[in-house]
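In: Following is a predicted model, sequence given first.
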Amino acid sequence: MTPFFAMSLLFSLTFGQTAALCAPSEYIIHVEKKECAYCLAINTTICAGFCLTRDSNGKKLLLKSALSQNVCTYKEMSYQTALIPGCPHHTVPYYSYPVALSCKCGKCNTDYSDCVHEKVRTNYCTKPQKLCKM
């Protein structure tokens with residue numbers, strides 16, 4: 001194997017890993033209230049990507065602190081509020097949602113993150129849809 005080929009292979013493997021690192025990613029949230037006439041599709045950003053984790057098969061040999069599994073989570077975020085259209089006057093028509101400004105690999109904080117990956121798709125509309133561009 002030539003040195004040029006070996007360096008090219010090493011560079012491509014390294015770049016391939018960095019391309020999948022934890023970073024803000026575009027996401028659409030679907031929001032509806034049963035009292036309102038429409039479902040709102042909101043464009044926002046969430047944290048998504050690859051974080052280095054450790055194999056827990058050696059848990060008897062490692063310290064407990066070495067076994068923590070990092071997830072891609074918020075480093076900085078802000079909240080924005082959208083108005084859900086078609087709501088009657090007695091209903092609060094506002095929905096606040098997080099916008100990821102920057103992300104990090106760290107422990108999942110259940111105060112502001114959903115730390116469980118569900119296989120059931122719940123992010124959909126059952127009513128006519130309106131798009132909210134922020």
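Out: Alright, I've got the coordinates.

In: State the distance from Ile84 to Ser102.
Out: Separation of Ile84 from Ser102 (C-beta to C-beta, to the nearest Å): 28 Å. Heads up, the C-betas are built off the backbone N, CA and C, glycines and all.

In: Let me see the ranges of the strands in the chain.
Out: For the chain, strands defined by DSSP state E occupy the ranges 23-32, 39-48, 71-83, 94-106, 129-132.

In: residues in contact with Thr91?
Out: Shown in contact with Thr91 (C-beta atoms under 8 Å, 6 or more residues apart in numbering): Lys33, Glu35, Cys36.

In: Give me the pLDDT value at the closest residue to the last one other than its chain neighbours.
Out: If I follow you right, that is Cys36. In this structure, Cys36 finds its nearest non-sequential neighbour in Cys87, 4.1 Å apart by C-beta to C-beta, 6 or more residues apart in numbering. Note for Cys87: predicted pLDDT of 92.

In: now swap in the one 4 residues further on and tell me
Out: At Thr91, the model reports a pLDDT of 90.
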